[in-house]
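Peer 1: need the 3D shape of this:
(chains A and B)
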Amino acid sequence: MATVSAERETAVSHLGDDSPEAVVVRFAGDSGDGMQLTGGQFTLSTALAGNDLATFPDFPAEIRAPQGTLFGVSAFQINFGSSEITTAGDAPDVLVAMNPAALKTNLDALKTGGLIIADTGEFTKRNLEKAKYAANPIEDGSLAKWDVLAFDISALTIESVKPFGLGNKEALRCKNMWTLGLALWMFDRDRQPIIDGLNAKFAKKPDIASANIAALNAGHAYGETAEISGPLQRVHVDSVPASPGLYRTVTGAEAISLGLVAGAQLAGLRMFFGGYPITPASAILHNLVKVKEFGVTTFQAEDEIAAICAAIGASYAGQLGVTSSSGPGIALKGEAMGLAAMTELPLVIINSQRGGPSTGLPTKTEQSDLYQAVYGRNGDTPMPVIASRSPSDAFYCAIEACRIAVQFMTPVILLTDGYIANAAEPWKVPDPSTFEPFPVTYLEEKNGPDDTLLPYKRDSRGVRPWIKPGTPGLTHRIGGIEKAIDTGNLDYSPETHQTQTDARKNKIDGVANAIPEQDVSLGETSGRLVVVGWGSTFGPIHQAVRRSRKKGLDVSHVHVRHIWPLPKNLGQLLRGYDNVLVPEMNTGQFKTVLRDQFLVDAKPLNKVSGQPFAIAELEDAIATYFDGVPGNEGGDIPVNDTQLPSPEAENS
Amino acid sequence: MNEMTKIETTLKDWETDQEVRWCPGCGDYAILKAVQRTLPQLGADPSKTVFVSGIGCSSRFPYYVESYGFHTIHGRAPAFATGIKLANPELDVWLVTGDGDGMSIGGNHTMHILRRNLDCQILLFNNEIYGLTKGQYSPTSRQGTNSPSSPLGSVDRPASPCAFALGSGARFVARGFDVSKNLPDVLKAAHAHRGAAFIEIFQNCIVYNKDIFDDFAAAKGVEDQQLWLQNGAPMLFAGDTKGIALDVENLALKIVYVVDGDWQSAGVITHDVTNRAVAYMLVDLRVAPKFREFPMALGVIYDDPRPTFDSDVVAEREKSSAGRVADLGKLLSKGQTWTVED
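Peer 2: Numbering: from 1, shown residues only, chains lettered A, B, ... in the order given. Predicted coordinates for the structure are as follows:
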């Protein structure tokens, strides 16, 4: 969200500051404790309070991991503030720990002096053992460098929902709402939207709604009335001076779904979406099922391959075919992507990247499918690749993918990742009348000499016509075998393959003429250092560069949306800087592409822990390029030694 | 196939200008001719007809039919067909596949197109061998088949395409063979069926598996080994001297002799195309080792339509969009929103 730029200049303690600029809160509990729901509701209240925000849901791959275990902890982090927020925040100011395992797995992240709110009702001997605590950390003094507010949330929740006659188990389910109530009090939030939401959600189970609302109110009242001195204080975060208009929160998965609908509308096409369930891409399928009035057909296929093949079939028949998956599923689609490139049919392929290889880290984020997107097919099979930088940006990227697909009769890959897909941010709702339409025309009449049809006759951009089956008199055959120029008849003679391979490559290269030139997100068009990012690293890079520039460092930020083909001016732009640093959540993939395309000495900065970059990590890396600045006071850190977390990961 | 406006064409109208590139003497030629002969009889419109295929000898088929055609990738034709038909239910979709394409690499998709009951015709050319890759044993090859990849005879037990189709929930299962004069009738019945119509066509690969079906599927001389099924007619074969009866004790089919045409007293059963239990028994005849001495069941084995996937998907889409206006601005501003004032 673009507003006045000033994210979290320094750590803001919840103590002693009436109106901090930004606060980071992390809710952590068992995967059955409803932490994602709590986080989502808190996000909503934060957005309604007019703060800018960014979130980071971090949950295990198991749906219901064994209770109380370390690997079953589910967390939701939100960074909100009175100025521009582009990351979920490095270190939380407040950690809500619903059990010992949640405390243990999240404590390291908590800022020194930060606040821990813990439910002592869950700090039982058994749960402490499951979290591998020898002694109760609340009692043994090991939490001394933080403020601790520990009380029996479980018992207070049960007490608050007593009138509703729930069983013990059901009553404890309301714990998350009790906690949310307390958080709403802490940050001076209006409860009413949450109460409205609960009433709507449990419209058919009014008892459950009432119990949850009672727990919410009890948590809120606890903050207001409990005679607690010390750590628990009320904090007010001012609203952001945002540009006027209508706002909503949006996750990346929602934004992509909306962007696809918009893209199909702008092309004047019906959309066919073929999908197969996979984390973290399934949400797109769930969203599109609900918008059939826009001419959307969704098809849950028997596998990833069938999902893309059906989408290609629909494109062949004249609709906008779309398929979506994550890395492992995209690998399965590879052969069909080649067919779409060979038959030159439009198609949008979305990859919500996750940690790999193989099953890897299904619920954690990574950017390691860039090679797969750019290079990962048999044969010379170039394909445009676009990467979105944030949830709201994903909306515009989806439209862009649709546009390029239909204008160039090509499959287009849209890269997003687990972080963008799940994270939410406020979004100023755009006015659709401001979007540029790109209506599609099909070939309706024969286009060759002497009343002949030439299905592969290319226009000045090398693009062939789109011919729908059902069009009278235009019967023809297409397929994956190499084909003669213009006619498309089978032909694998040497000169034909050379010509057609070149034609397919030139067509995709030509997409560079139809995309914007690369801009500089922050800083100058030349200088000592440029930090080049793509995808969801936008937030931390942007903030790290901004802070470094405030320190007087000559560093700029370039963020690339069009990964393939690259913007025409990018090579020249990068050559204007003395150093090029490329932070990525992989082992250096985009860096390799940049080196290959432009022969620039791009240096990698890599992280593959399943967690996004912290701003501080990037600031430290930037500092290594400048002698005598904080982080590199003596100038003794060599420029090349910027690997995180492992120096061995360098791939130079 | 759904209702369509019939148009007049001739066999010639369905021939392309492309040189047919199957081996001389290949059974595929006969199947191609049978299809090209049948299409005019159906009143089919080339502009509304789509042939979709996977990979293999059989899958070259679309190049030789003057209609729309999509030669796709190995085993996946059913998935492409699904997208095509859902995008435009008006199209008359034919799938051409083989035993390797449809039963091995694409077995999964064959199963799902059948259970979903997409309205289309599926022609599975079964020659019990991989032809285009030069003769390896296939998922329908009989045990002991000698091939480049099984020089000591194949170890795998074969799959039975028709039994597989029934097990997958197919509502139309039929059989024919390449040089059979009855093949056009089988194709017509398949086309008349609304929903996925599955036809196994025995096809002679004269290079790698020559005459493997000659015991029942030669052009002449083996009629006694063919049980041509007709709905409502007694299951008679061998010049009506033999018939199929129910072995009640073993809950199986048995062969009985028919004297002077009196099939009733011989206990010969009449064919009911909607009887699924009997269909399961018929597809095993001559195929399963236990029933090797039976004739091959040919023609329409099972035909009992039910609503198709494409019509259900369209109905569902219409239902879920009924009364809703496609207003993009409204969609974008859905959910809980807030306004920032000037």
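
Peer 1: drop to CA atoms for contacts and neighbour counts, all remaining ones
Peer 2: Will do.

Peer 1: what's the burial count for residue A:144?
Peer 2: Neighbour count of residue A:144, defined by other C-alpha atoms under 10 Å in any protein chain shown: 12.

Peer 1: again, but for residue B:191
Peer 2: Residue B:191: 24 neighbours (other C-alpha under 10 Å).

Peer 1: again, but for residue B:146
Peer 2: Using other C-alpha under 10 Å: residue B:146 sits among 18 other residues.

Peer 1: flag every buried residue along whichever strand or helix holds residue A:219.
Peer 2: Following DSSP states H and E, one finds residue A:219 within helix A:206-225. Across helix A:206-225, burial judged by 16 or more other C-alpha atoms under 10 Å in any protein chain shown covers A:207-220, A:222-223.

Peer 1: tell me what it is packed against?
Peer 2: Packing contacts for helix A:206-225, counted by 3 or more C-alpha pairs under 8 Å, 6 or more residues apart in numbering or on different chains; DSSP states H and E, involve helix A:153-160, helix A:175-186, helix A:192-201.

Peer 1: what is the mean pLDDT for the longest helix belonging to chain B?
Peer 2: What stands out as the longest helix in chain B, according to DSSP state H, is helix B:27-42. For helix B:27-42, the mean per-residue pLDDT is 98.

Peer 1: tell me which residues are up against that helix.
Peer 2: The contact list for helix B:27-42 (C-alpha atoms under 8 Å, 6 or more residues apart in numbering or on different chains) reads B:6-11, B:14-15, B:22, B:58, B:61, B:65, B:178-179, B:183-184, B:187-188, B:203-206.

Peer 1: turn the buried ones among those into a named ChimeraX selection, would you?
Peer 2: Per 16+ other C-alpha under 10 Å, the buried members of these correspond to this ChimeraX selection:
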select /B:9,14,15,58,61,65,178,179,183,184,187,203,204,205,206
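
Peer 1: so where's the stretch 1-150 of chain B shaky on pLDDT?
Peer 2: B:1-3 (pLDDT under 70).

Peer 1: which residues in the stretch 51-200 of chain B form strands?
Peer 2: Ranges of strands in the stretch 51-200 of chain B, per DSSP state E, counting those that start in this stretch, are B:68-71, B:92-98, B:120-126, B:129-130, B:136-137, B:172-177, B:196-202.

Peer 1: switch these over to TSV; also include mean neighbour count and distance to chain A.
Peer 2: Formatted as TSV, the strands of the stretch 51-200 of chain B follow (neighbours: other C-alpha atoms under 10 Å in any protein chain shown; distance: least, C-alpha to the nearest C-alpha, whole Å):
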stretch	mean neighbour count	distance to chain A
strand B:68-71	26	4
strand B:92-98	27	9
strand B:120-126	27	14
strand B:129-130	25	19
strand B:136-137	25	22
strand B:172-177	27	21
strand B:196-202	28	16
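
Peer 1: who in the stretch 301-450 of chain A is up against chain B?
Peer 2: Residues of the stretch 301-450 of chain A found near chain B (C-alpha under 8 Å from any C-alpha of the partner chain) are A:302, A:305-307, A:309-319, A:335-336, A:339, A:429-432.

Peer 1: at 6 Å instead, please
Peer 2: When proximity is defined as C-alpha under 6 Å from any C-alpha of the partner chain, the stretch 301-450 of chain A approaches chain B at A:306, A:309-311, A:313-314, A:317, A:432.

Peer 1: buried members of these into ChimeraX, please.
Peer 2: Here is the ChimeraX selection string for the buried members of those, based on 16+ other C-alpha under 10 Å:
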select /A:306,309,310,311,313,314,317
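
Peer 1: most widely separated two among the residues of the stretch 301-450 of chain A next to chain B?
Peer 2: Pairwise distances among those were taken by C-alpha to C-alpha; the largest, 33.0 Å, belongs to A:306 and A:432.

Peer 1: residue A:529 touches residue A:579, doesn't it?
Peer 2: Yes: if you go by C-alpha atoms under 6 Å, residue A:529 and residue A:579 touch, sitting 4.6 Å apart.

Peer 1: picking that back up, how far does the helix holding residue A:219 sit from the chain's center?
Peer 2: 33 Å (C-alpha atoms, centre = their mean, to the nearest Å).

Peer 1: and the angle for that helix with helix A:175-186?
Peer 2: Interaxial angle, helix A:206-225 versus helix A:175-186 (axes from the mean of the first three to the mean of the last three C-alpha atoms, to 10 degrees): 40 degrees.
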